[in-house]
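In: here's my sequence, what's the structure:
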Amino acid sequence: MAKQNKILVFGAGGMLGRELLAAAPPPGLELIGLARAQADITSAEQVARAMAEHRPGLVINAAAFSNVDGAESEPQAALAVNAQGPQNLAKACHEAGAPFIHISTDYVFGGGGQTRPYLESDPPMPLNQYGVSKLRGEELVRAACSRHLIVRTSWLFGALARNFIHLMLELMRSRSTIKVVDDQVGCPTPAADLAQALLRLAAMVLEQGDAAWGTYHLGGPLVINRYQFAQMIWAEARKYLNKDLTIEPVGSEVFAAPAKRPAYSALDCAKIKQRFGLALADWRPELARIVKLLQ
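Out: Now for the predicted structure:
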């Protein structure tokens with residue numbers, strides 16, 4: 001029998017998984033995290049074993065093949081983690097009667113040339129293999145488990161795992177001029193804030209025993225480009241680095257990355273606020289905290 005106060009997090013070794021475990025769970029809830037070495041979601045057997053051992057009341061999947069460029073050369077590996085793995089979890093949750101919260105991405109969009117924040121009802125059109133694999137994962141989750149919440153988020157950043165902030169700080173320390181693309185627009189999202197919101201969502205589902213199941217967007221409130229994001233990082237980093245720095249805006253073609261990125265992939269997050277009362281706050285104080293921590 002499932003323990004209704006227990007939340008099982010798969011992918012506990014990643015950025016979001018680590019933030020989920022670092023967060024204080026809502027009162028009365030127990031949080032258990034499994035990293036890949038403890039439960040590889042691409043193995044249905046390992047998933048079944050973990051579910052039988054822990055008997056969770058709810059499962060959160062924070063595991064992902066998140067190397068966007070790497071997915072271009074390893075599409076099958078990306079599909080295994082981002083599609084087959086979520087399917088394994090969704091099937092196991094369905095069999096156990098446990099609700100399933102699955103994390104997806106803004107990169108399921110971007111191919112349509114849109115310039116307004118994407119609604120959940122907008123047709124997905126991924127530009128790269130990472131987006132393709134995450135979209136396939138969504139489809140398989142919907143088919144396998146009716147009691148699911150798919151939460152798409154965008155441009156995750158935090159202190160606990162390497163991301164855009166770490167890269168920018170490394171470049172800012174070592175160079176006098178850096179180039180940052182200004183033709184990729186999204187909504188940066190602090191992993192710590194997202195983790196807290198997901199735990200509140202999980203608590204609501206467990207308390208009510210039901211939910212408005214389906215797909216939701218949950219990202220940061222600021223819609224900016226990468227160049228603007230870098231400027232905001234530098235505004236904090238310059239407090240600790242005694243130097244001058246020039247940040248040059250450039251087009252994506254300058255870097256010729258293996259994977260094409262969406263020119264615009266901001267998410268409209270009104271639906272989850274309306275249904276669950278969830279919205280992420282201005283993340284600039286969190287950015288200041290992270291930059292200070294990483295000095």
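
In: contact partners of stretch 8-25?
Out: 7, 31-39, 41, 47, 50-51, 54, 56, 58-64, 66, 89, 103, 156, 158, 160-161, 163, 191-192, 194-196, 198-199, 203 (C-beta atoms under 8 Å, 6 or more residues apart in numbering). Heads up, the C-betas are built off the backbone N, CA and C, glycines and all.

In: just those residues: which are in helices?
Out: 47, 50-51, 54, 89, 191-192, 194-196, 198-199, 203 (DSSP state H).

In: most neighbours of all those residues, which one?
Out: L89 (32 neighbours; other C-beta atoms under 10 Å).

In: for that one, give its distance to L194.
Out: 19 Å (C-beta to C-beta, to the nearest Å).

In: mind listing the residues bridging to I7?
Out: Going by DSSP bridges, I7 is paired in beta bridges with L31, L58.

In: now do I247
Out: Here I247, judged by DSSP bridges, has bridge partners I178.

In: ok, it - contacts?
Out: I247 neighbours (C-beta under 8 Å, 6+ apart): 177-180, 227, 230-231, 234.

In: write the PyMOL selection for whichever of those residues are buried.
Out: With 16 or more other C-beta atoms under 10 Å as the criterion, this PyMOL line picks the buried residues out of these:
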select buried, resi 178+179+180+227+230+234
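
In: with pLDDT and distance to Y240 as extra columns, can I get the contacts of I247 in CSV?
Out: Listed next are those as CSV, based on pLDDT from 0 to 100; distance: C-beta to C-beta, whole Å:
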residue, pLDDT, distance to Y240
T177, 97, 19
I178, 97, 16
K179, 97, 22
V180, 98, 19
Y227, 98, 21
A230, 98, 16
Q231, 98, 16
W234, 98, 11
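
In: CSV please, covering the contacts of I247 and showing distance to A80.
Out: Output for the contacts of I247, formatted as CSV (distance: C-beta to C-beta, whole Å):
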residue, distance to A80
T177, 40
I178, 35
K179, 34
V180, 32
Y227, 34
A230, 33
Q231, 38
W234, 38
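
In: closest to A288 out of the contacts of I247?
Out: Distance to A288 across the contacts of I247 (C-beta to C-beta) is lowest for W234, with 12.2 Å.

In: state the pLDDT value of Q196.
Out: Listed pLDDT for Q196 reads 97.

In: A96 too?
Out: The predicted local confidence for A96 is 96.

In: so R275 touches W213, yeah?
Out: No - using C-beta atoms under 8 Å, R275 is not in contact with W213; the gap is 10.2 Å.

In: mind listing residues that contact stretch 87-101?
Out: Here stretch 87-101 makes contact (C-beta under 8 Å, 6+ apart) with 2, 10, 41-44, 47-48, 51, 55-61, 102, 137, 140-141, 143-149, 151, 198, 201-202, 205-206, 211.

In: can you flag the buried ones in these?
Out: Among those, those buried by neighbour count (16+ other C-beta under 10 Å) are 2, 10, 41-42, 47-48, 51, 56-61, 102, 137, 140-141, 144-145, 147-149, 151, 198, 201-202, 205-206, 211.

In: any stretches of this structure with poor pLDDT?
Out: Residues of the chain that meet the criterion pLDDT under 70 lie in 1-3.

In: show me where it has its strands.
Out: Under the criterion DSSP state E, strands of the chain are mapped to 3-10, 30-34, 56-61, 100-105, 148-153, 156-157, 177-181, 185-186, 189-190, 214-217, 224-225, 246-250.

In: adjacent strands (with direction) for the fourth one?
Out: By that I understand strand 100-105. Strands that pair with strand 100-105, judged by DSSP bridges, come out as strand 56-61 (parallel), strand 148-153 (parallel).

In: could I get the ones you listed as JSON lines with distance to G251?
Out: Output for the strands paired with strand 100-105, formatted as JSON lines (distance: least, C-beta to C-beta, whole Å):
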{"stretch": "strand 56-61", "distance to G251": "35"}
{"stretch": "strand 148-153", "distance to G251": "26"}
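
In: ok, which of the ones you listed comes nearest R173?
Out: In terms of C-beta to C-beta, the element of the strands paired with strand 100-105 nearest to R173 is strand 148-153, at 28.3 Å.

In: what comes up buried for stretch 285-295?
Out: So, applying 16+ other C-beta under 10 Å, buried residues of stretch 285-295: 286-287, 290-291.

In: oh, that last question was meant for stretch 228-248, not what I typed.
Out: In stretch 228-248, counting by 16+ other C-beta under 10 Å, buried: 228-230, 232-234, 236-237, 245, 247.
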